[in-house]
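[1] just to be clear, the model below is a prediction. Sequence and coordinates:
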2 protein chains.
Amino acid sequence: MDTRPIGIFDSGVGGLTVVREVIKAMPLEDTIYFGDTARVPYGSKSKETVTDFSRQIMRFLISKNVKAIIIACNTVSSNCYNILKSEFDIPIIEVVNPGVESCLKVTKSNRVGVIGTATTIKSHAYEERLKEQRNNIVVFQKPCPLFVPLAEEGFTENDIAKLTAATYLKELKDKNIDSLILGCTHYPLLKKTIGEYMGMDVKIVDPAAETAHKMKDFLTSQNMEGDKNPGKHVFYCSDNCSQFNEICSKNLGIECHVHKVDIEKY
Amino acid sequence: MDTRPIGIFDSGVGGLTVVREVIKAMPLEDTIYFGDTARVPYGSKSKETVTDFSRQIMRFLISKNVKAIIIACNTVSSNCYNILKSEFDIPIIEVVNPGVESCLKVTKSNRVGVIGTATTIKSHAYEERLKEQRNNIVVFQKPCPLFVPLAEEGFTENDIAKLTAATYLKELKDKNIDSLILGCTHYPLLKKTIGEYMGMDVKIVDPAAETAHKMKDFLTSQNMEGDKNPGKHVFYCSDNCSQFNEICSKNLGIECHVHKVDIEKY
């Protein structure tokens, strides 16, 4: 047994979709979340800058005595996981492998799509790992930079969201894929619009639930489960945006009082 | 005479629209530009965070021995100008007052609109200064958060840009304004789309040229003009994005080799 909390981080609010699945899968665990709301978004920034930011966040979470960390951000997972794993002596679960595994379970035609931020797509992490697991798979990638600001503006189902989805996704639709990985933790907020455009025949793969189960399996295998009843959930962010409490409460159905951290000090 | 460079900063590439006007108005001046591309955008972040970021940039530019500084960012100008002015002993020109002055010259009906980022609009800086100058003026404000990511994605004249402009600007159009201040240095990139939607009767006010002239008048009045022929222009940013060189060259018609700075150290 290990009653220390699980650390979870993202560039902003997107990772809350992962927190929700963690609470569902492991209700007895405490969690500590960090959202880098002062420097969001990560997806248009270089691998080097995103790695520097992630190191500060890892140090912050470790200072809070977490037992393991979930990188609930695709840009960090696909660009910095190996570096962070080699530099920090703490178990880390990221979101790309769970997304790949979910996708391999649902695809029948082995023609799959991946959407994400510019920096995630440029890393080719999803494509490489899909092909490592199944060498006859055909992968089509597309960066969708406007999906994050659309989700943050609350434009998830209006005409602008629909037109943007059609503009970005047309080339994937034309490729006759049968599954589409949402390679950014913000994108589940646009799931309905994306799903309607792609049509009934395309399965939408959201890595969040699989990521939570991966952490659960790891903790079980190491006898590191928590026993809080229920777990406590603490939230930190780098900007003092009152919006965070609101989005957090709405997404998780629990009252949140986010704390501000000067992350550049870590 | 003072041959030291003029410092100019913005959250990202938007301030290059101001640099262009500075070069046009003062071809004999050296300039040093800083774009905070690692932490862009500022417009959705709190006044406190944006002030902290701006202090670091002021310290950086002062370390480069600039003679005066242009805040080429509306979010910083409208939220932090008074704080920065009180803390730093260097002449500072910001963009709000020039925008206000330009607008007062062109409006006939005294019904004017202001668009900008969420944090700029929330500050009410444009509204307050317009009313200080002319108490019978009627000001309508509207935040347009998606315009910055649209400009960065290069979606400035396509159907998504047009639909977004129509969605944001409809309520201003319905108010029968006769002039509209572009209260964000990114927005001139969408000027054509905004202008077409608003119609011929609405003058579009871009504070960039007026800001450059304000600096010129100040330097002249203080005998602080430069005499380089032509002036040299040096660019720094916080992320090593190769995109910056490209955007910079395209906007200014000069070859740029941007240098990366670890701004958190300042």
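    In hand now; what should we look at? The shown structure was predicted, so the numbers you read here are calculated from the model rather than taken from an experiment.

[2] host element of the residue in chain A that chain B sits nearest to?
    Nearest residue of chain A to chain B: A:Pro149, at 4.2 Å (CB to the nearest CB). For every residue, glycine as well, the C-beta is placed using N, CA and C. In the assignment (DSSP states H and E), A:Pro149 maps to helix A:147-153.

[3] that helix: how far from the chain's middle?
    In terms of CA atoms, centre = their mean, to the nearest Å, the centre of helix A:147-153 is set 15 Å apart from its chain centre.

[4] likewise stretch A:37-52?
    Using CA atoms, centre = their mean, the offset of stretch A:37-52 from its chain centre is 14 Å.

[5] just to revisit the earlier point, tell me how far the residue of chain A closest to chain B lies from B:Val114.
    Separation of A:Pro149 from B:Val114 (CB to CB, to the nearest Å): 21 Å.

[6] the two - which one has more neighbours?
    Taking other CB atoms under 10 Å in any protein chain shown, A:Pro149 and B:Val114 do not tie; B:Val114 has more neighbours (30 against 22).

[7] can I assume the more buried one sits in a helix?
    No: assigned with DSSP: H, G, I helix; E, B strand; the rest coil, B:Val114 falls outside any helix and is strand.

[8] can you give me the buried ones in stretch A:25-34?
    Within stretch A:25-34, the residues scored as buried using 16 or more other CB atoms under 10 Å in any protein chain shown are A:25-26, A:29-34.

[9] circling back: residues touching the closest residue to the residue of chain A closest to chain B other than its chain neighbours, list them.
    Spatial nearest neighbour of A:Pro149, excluding adjacent residues (CB to CB, 6 or more residues apart in numbering or on different chains): B:Pro149 at 4.2 Å. Neighbouring residues of B:Pro149 by CB atoms under 8 Å, 6 or more residues apart in numbering or on different chains: A:145-146, A:148-149, B:41.

[10] what about A:Ile32, which SS state?
    Under the three-state scheme (three-state DSSP), A:Ile32 adopts strand.

[11] alpha carbons only: can I get the helix holding A:Pro149 in CSV?
    Output of helix A:147-153 as CSV, limited to C-alpha atoms (Å, rounded to 0.1, in the frame of the first residue of the first chain):
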residue,chain,number,x,y,z
PHE,A,147,-9.1,22.8,-31.9
VAL,A,148,-7.4,23.9,-28.6
PRO,A,149,-8.4,27.6,-28.8
LEU,A,150,-11.9,26.6,-30.0
ALA,A,151,-12.3,24.3,-27.0
GLU,A,152,-11.0,27.0,-24.7
GLU,A,153,-13.5,29.5,-26.2
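
[12] what's the burial count for the closest residue to A:Ile137 other than its chain neighbours?
    Nearest residue to A:Ile137, sequence neighbours excluded (CB to CB, 6+ apart): A:Asn110, at 4.7 Å. A:Asn110 is flanked by 16 other residues according to other CB under 10 Å.

[13] centre of the chain to stretch A:221-237, how far?
    How far stretch A:221-237 lies from its chain's middle: 19 Å, per CA atoms, centre = their mean.

[14] touching chain B at all, that stretch?
    No: shown here: stretch A:221-237 not in contact with chain B (CB under 8 Å from any CB of the partner chain), separated by at least 10.2 Å.

[15] mind checking which of the contacts of B:Pro149 are buried?
    Among these, those scoring as buried are A:145-146, A:148-149, B:41 (criterion: 16+ other CB under 10 Å).

[16] now render the buried residues of stretch A:25-34 as JSON lines, adding pLDDT and distance to B:Ile62.
    Output for the buried residues of stretch A:25-34, formatted as JSON lines (pLDDT from 0 to 100; distance: CB to CB, whole Å):
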{"residue": "A:Ala25", "pLDDT": "96", "distance to B:Ile62": "52"}
{"residue": "A:Met26", "pLDDT": "97", "distance to B:Ile62": "50"}
{"residue": "A:Glu29", "pLDDT": "97", "distance to B:Ile62": "48"}
{"residue": "A:Asp30", "pLDDT": "96", "distance to B:Ile62": "45"}
{"residue": "A:Thr31", "pLDDT": "97", "distance to B:Ile62": "42"}
{"residue": "A:Ile32", "pLDDT": "97", "distance to B:Ile62": "38"}
{"residue": "A:Tyr33", "pLDDT": "96", "distance to B:Ile62": "37"}
{"residue": "A:Phe34", "pLDDT": "97", "distance to B:Ile62": "32"}
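
[17] now, among those, which is nearest to A:Thr220?
    Closest approach between those and A:Thr220, by CB to CB: A:Met26, at 9.6 Å.

[18] OK, contacts around that closest one?
    Neighbouring residues of A:Met26 by CB under 8 Å, 6+ apart: A:6, A:212, A:215-216, A:219, A:225-226, A:231.

[19] and chain A, which of its residues are near chain B?
    Residues of chain A lying close to chain B by CB under 8 Å from any CB are A:37-39, A:44-46, A:48-49, A:53, A:145-146, A:148-150, A:152-153, A:155, A:158-160, A:163-164, A:167, A:238-241, A:264.

[20] of those residues, which belong to helices?
    With DSSP state H as the criterion, helices contain A:48-49, A:53, A:148-150, A:152-153, A:159-160, A:163-164, A:167 from among the residues of chain A next to chain B.

[21] need those residues in CSV with pLDDT, can you?
    Shown next, in CSV, are these (pLDDT from 0 to 100):
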residue, pLDDT
A:Glu48, 94
A:Thr49, 96
A:Phe53, 98
A:Val148, 91
A:Pro149, 91
A:Leu150, 93
A:Glu152, 82
A:Glu153, 86
A:Asp159, 97
A:Ile160, 98
A:Leu163, 98
A:Thr164, 98
A:Thr167, 97
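
[22] show the buried residues in these.
    Neighbour-count burial (16+ other CB under 10 Å) is assigned, among those, to A:49, A:53, A:148-150, A:152-153, A:160, A:163-164.

[23] quick check: the farthest pair among those?
    Across these, no pair lies farther apart than A:Phe53 and A:Leu163, at 32.0 Å, counting by CB to CB.

[24] next secondary structure element downstream of the worst-scoring helix or strand of chain A on mean pLDDT?
    Every helix and strand of chain A was ranked by mean pLDDT, DSSP states H and E. The lowest is helix A:242-252, at a mean of 80. For helix A:242-252, the following helix or strand on the C-terminal side (DSSP H and E) is strand A:259-260.
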